[in-house]
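Q: Predicted model, plus sequence, below.
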Protein chains: 2
Amino acid sequence: MAQMNNVTPLFKDMAKLEHDHRVACQECSLYRLCLPLGLHNKDLAQLDKIIKRSQSHKRGEALFTTEHAFKSLYVVRSGSFKTTISATNGREQVTGFYFPGEFIGLDALYQESYQSNAQALETSSVCELPFDSLQELGKDMPQLQVQLLSRLSKELSGDKSLMLLLGKKTADEKLATFLLSFSKRFSDRGFSATEFHLTMSRGDIANHLGLAVETVSRVFSRFQEEGLITILGKGIVLRDIAKIKGLCG
Amino acid sequence: MAQMNNVTPLFKDMAKLEHDHRVACQECSLYRLCLPLGLHNKDLAQLDKIIKRSQSHKRGEALFTTEHAFKSLYVVRSGSFKTTISATNGREQVTGFYFPGEFIGLDALYQESYQSNAQALETSSVCELPFDSLQELGKDMPQLQVQLLSRLSKELSGDKSLMLLLGKKTADEKLATFLLSFSKRFSDRGFSATEFHLTMSRGDIANHLGLAVETVSRVFSRFQEEGLITILGKGIVLRDIAKIKGLCG
DNA sequence: CCGTTTTATTGATGCAGATCAATGTGATTA
DNA sequence: TAATCACATTGATCTGCATCAATAAAACGG
């Protein structure tokens, strides 16, 4: 944990924080953001046993797709991922971005089949939770179930906000909201709330927010002219958070 | 159950199906769509004990709002509801419509506070599940937890599809998708897949799909001209499901 | 390191759907 | 059953953002 709180250099992003893949939950820097929160030591040890700590996934590599058989839930360990779903005609929607400590695959529980595709945005690693084992474990560990419910509920709540964003907000509001949401998530993880890297492409951002790439570029440029932010390629500095907040609608 | 499967008259909507508020889960016509599915008799009896079967809510009445203290989850028993969230500036987004057997309030679990407002669209009733009791019960009833997880996951999955709809679909595609989703939900409940009542206003539909009321009206009218549907006020007849499917994108 | 490809920016134009406006229709109440 | 009110339809106009087009600047592979 110390590891994370001490590191907030300019544009040092989370991918840099790779650590030993085998470190147990107790020692993991993500502990306080992650599933095991609130479990007793004994339970934690049991959970620890079923977790597979996978090798890293390279940028662009799929963690899973809707074609794969459902087997596991995943928690991001380092790096970042995006999830997408596709319409029959090939159009895609980026349904979410995922950072360390966040769950991927929760929408697969119902039907026990992946409903989306998950792809690494940079070199990233995950903790794999085989669903069978997790369910088995859950039978004698109500606290674990509660945690899972809580995670699902949190994502649900976030998705409802995204519906508001997609359905009712202007391009400016969408991007302001997007920037603040990232700011919050980075700062929750011990990083700067005002300076960070966007690990995804402008295309991914645009897609996620229901905009065209060109619009994202233009709005970012204008925000910069207006002194709200500074853009350095994928790096962003928030210069006036108050004003950005005012733009969220 | 018989009750529901036998009833598919033209435009007889679900509100008409009101039944004794005190009927137990075992005898409830919604059993096979509802939470208790898969519970043993003994567990079911226990669940039954904590459920409060509320009096009916009139059209427009709030089931809960974000102002209320979180206390319970709800399952629609008869009628229908909508949920909304509001932006700071007063704009609202209709985040969902809910029919018998469907859960309301799942996004409140995380934070244990209601994140949305729920309102009856017609005279409706619910089964109230006090969260404390539910959690208590869940400790010795893993199957119940699994059911809850499954419900949450289903809603999550639906919301992701809605993100695709809101972010990437045209007005025609949105409305075609909307009509088919309702067709499916009605037919799942033993009603006609081709003839049903829309219990919500055009405004609610428009809002939910990220459109203006006028657009909804216009597209419905054009769909009618093209022989896809027939409109009789709030009543809808789907005349060419295949073609409507083709329009969903 | 250079050539190639991908991604991002900036400008010019077009259009789907919003907004504005007027009228119609069905519900509710007295 | 008329009066009122909320909701729905239809037409005319406007606009935010998409799309098209042309560079520019990174990222990548050899």
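A: Ah, there it is.

Q: ok, which stretches of chain A are helices?
A: Ranges of helices in chain A, per DSSP state H, are A:2-5, A:41-50, A:131-139, A:142-168, A:171-188, A:202-209, A:213-225, A:241-246.

Q: Now find how far off-centre stretch A:66-85 is within its chain.
A: Centroid displacement of stretch A:66-85 relative to its chain, using CA atoms, centre = their mean, to the nearest Å, is 10 Å.

Q: Endpoint to endpoint, it covers what distance?
A: 9 Å (CA to CA, to the nearest Å).

Q: Tell me if that stretch is near DNA strand C.
A: No: Stretch A:66-85 does not reach DNA strand C (CB under 7 Å from any atom of the strand); its nearest approach is 12.3 Å. (C-beta placed from N, C-alpha, C; glycine too.)

Q: Just the buried residues of that stretch, please?
A: A:70, A:72-85 (16 or more other CB atoms under 10 Å in any protein chain shown).

Q: Among those, which pair sits farthest apart?
A: Largest separation among the buried residues of stretch A:66-85 by CB to CB: A:S78 and A:I85, giving 24.9 Å.

Q: residue contacts, the residue nearest to A:K168 when sequence neighbours are not counted?
A: The shortest distance from A:K168 to any non-neighbouring residue, by CB to CB, 6 or more residues apart in numbering or on different chains, is to B:R91 (5.0 Å). Applying CB atoms under 8 Å, 6 or more residues apart in numbering or on different chains to B:R91 gives the contacts A:L164, A:K168, A:G249.

Q: residues touching the second one, list them.
A: The contact partners of A:K168, by CB under 8 Å, 6+ apart, come to A:G249, B:A87, B:R91, B:E92, B:Q93, B:G210.

Q: Is it possible to get CSV of the contacts of B:R91 that adds distance to A:D107 and pLDDT?
A: Output for the contacts of B:R91, formatted as CSV (distance: CB to CB, whole Å; pLDDT from 0 to 100):
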residue, distance to A:D107, pLDDT
A:L164, 19, 98
A:K168, 23, 97
A:G249, 27, 89
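
Q: ok, of the residues you listed, which one's closest to B:Q115?
A: A:L164 (11.0 Å).

Q: For the closest one, which non-adjacent residue is spatially closest?
A: B:Q93 (4.0 Å).

Q: Pairing partners for the one you found in the sheet, please.
A: Here B:Q93 sits in beta bridges with B:I85, going by DSSP bridges.

Q: Cross-check the contact I'm expecting between it and B:T84.
A: Yes: B:Q93 is in contact with B:T84 according to CB atoms under 8 Å; the separation is 6.4 Å.

Q: so how far is stretch A:213-221 off the chain centroid?
A: 23 Å.

Q: Out of the helices of chain A, point me to the one whose mean pLDDT is lowest.
A: Here the lowest mean pLDDT among the helices of chain A goes to helix A:2-5, at a mean of 33.

Q: Determine the number of other residues adjacent to A:L137.
A: Neighbour count of A:L137, defined by other CB atoms under 10 Å in any protein chain shown: 18.

Q: Same check on A:V216?
A: So A:V216, with other CB under 10 Å, has 23 neighbours.

Q: which residue sits closest to it, ignoring its sequence neighbours?
A: Among residues not flanking A:V216 along the chain, A:A206 sits closest, at 4.6 Å (CB to CB, 6+ apart).

Q: One more: A:L33?
A: A:G101 (3.4 Å).

Q: do A:A118 as well
A: Using CB to CB, 6+ apart, the closest residue to A:A118 is A:L63 (4.0 Å).

Q: my guess is that neighbour meets A:C127, correct?
A: No: contact criterion CB under 8 Å: A:L63 and A:C127 do not qualify, at 11.7 Å.

Q: joint contacts of those two?
A: A:Y74.

Q: Tell me, what's the model's pLDDT at the most centrally placed residue in chain A?
A: The centre of chain A sits closest to A:Y98, judged by CA atoms, centre = their mean, with a distance of 1.4 Å. pLDDT for A:Y98: 98.

Q: quick one: contacts for it?
A: By CB under 8 Å, 6+ apart, the contact list for A:Y98 reads A:V76, A:S80, A:F81, A:K82, A:T83, A:I104, A:A118.

Q: ok now do A:I205, which residues does it touch?
A: A:F178, A:L198, A:L211, A:V216.

Q: how close does the nearest residue to the third one once chain neighbours are set aside sit to DNA strand D?
A: Spatially, and ignoring its direct neighbours in sequence, A:L211 is nearest to A:A171 (5.7 Å; CB to CB, 6+ apart). Between A:A171 and DNA strand D the distance, using CB to the nearest atom of the strand, to the nearest Å, works out to 4 Å.

Q: A:A171: neighbour count?
A: A:A171: 17 neighbours (other CB under 10 Å).

Q: So it sits against A:G210, correct?
A: No: look at A:A171 against A:G210 with CB under 8 Å: they stay out of range, at 9.2 Å.

Q: quick one: buried residues of stretch A:149-163?
A: Taking 16+ other CB under 10 Å as the criterion, stretch A:149-163 shows A:149-163 as buried.

Q: now swap in stretch A:223-240 and tell me
A: So, applying 16+ other CB under 10 Å, buried residues of stretch A:223-240: A:F223, A:L228, A:I229, A:I236, A:V237, A:L238.

Q: Check stretch A:136-148 too.
A: By 16+ other CB under 10 Å, the buried positions in stretch A:136-148 come out as A:L137, A:G138, A:M141, A:P142, A:L144, A:Q145, A:V146, A:Q147, A:L148.

Q: For the residues you listed, give me TSV that also has distance to DNA strand C.
A: Below are those laid out as TSV (distance: CB to the nearest atom of the strand, whole Å):
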residue	distance to DNA strand C
A:L137	39
A:G138	39
A:M141	42
A:P142	44
A:L144	39
A:Q145	40
A:V146	39
A:Q147	35
A:L148	34
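
Q: Greatest separation within those: which pair is it?
A: Once CB to CB is applied, those give A:L137 and A:V146 as the farthest pair, at 13.1 Å.

Q: Quickly list what's touching both of the two.
A: With CB under 8 Å, 6+ apart, A:L137 and A:V146 have no common neighbours.

Q: re earlier: could I get the contacts of B:R91 as CSV with distance to B:A193?
A: Converted to CSV, those look like this (distance: CB to CB, whole Å):
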residue, distance to B:A193
A:L164, 31
A:K168, 31
A:G249, 38
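
Q: Looking at those, which one is closest to B:S29?
A: A:L164 (34.5 Å).

Q: how many other residues sit next to the closest one?
A: A:L164, neighbours per other CB under 10 Å, totals 22.

Q: which residues sit in contact with it?
A: B:I85, B:A87, B:R91, B:Q93, B:T95.

Q: cool, and A:L137?
A: Counting by CB under 8 Å, 6+ apart, A:L137 has contacts A:Q46, A:L47, A:I50, A:L144.

Q: what's the spacing between it and A:Q46?
A: Using CB to CB, to the nearest Å, we find A:L137 at a distance of 6 Å from A:Q46.

Q: Could you do A:S221 as well?
A: 52 Å.

Q: circling back to that earlier point, out of the buried residues of stretch A:66-85, which one sits closest to chain B?
A: Ranked by distance to chain B (CB to the nearest CB), those are led by A:I85 at 5.6 Å.

Q: Can you give me the pLDDT of the closest one?
A: 97.

Q: Correct me if wrong: it contacts B:K160.
A: Yes: contact criterion CB under 8 Å: A:I85 and B:K160 qualify, at 5.6 Å.

Q: Between the two, which contacts overlap?
A: Joint contacts of A:I85 and B:K160 (CB under 8 Å, 6+ apart) are A:Q93, A:T95, A:Q115, A:S116.
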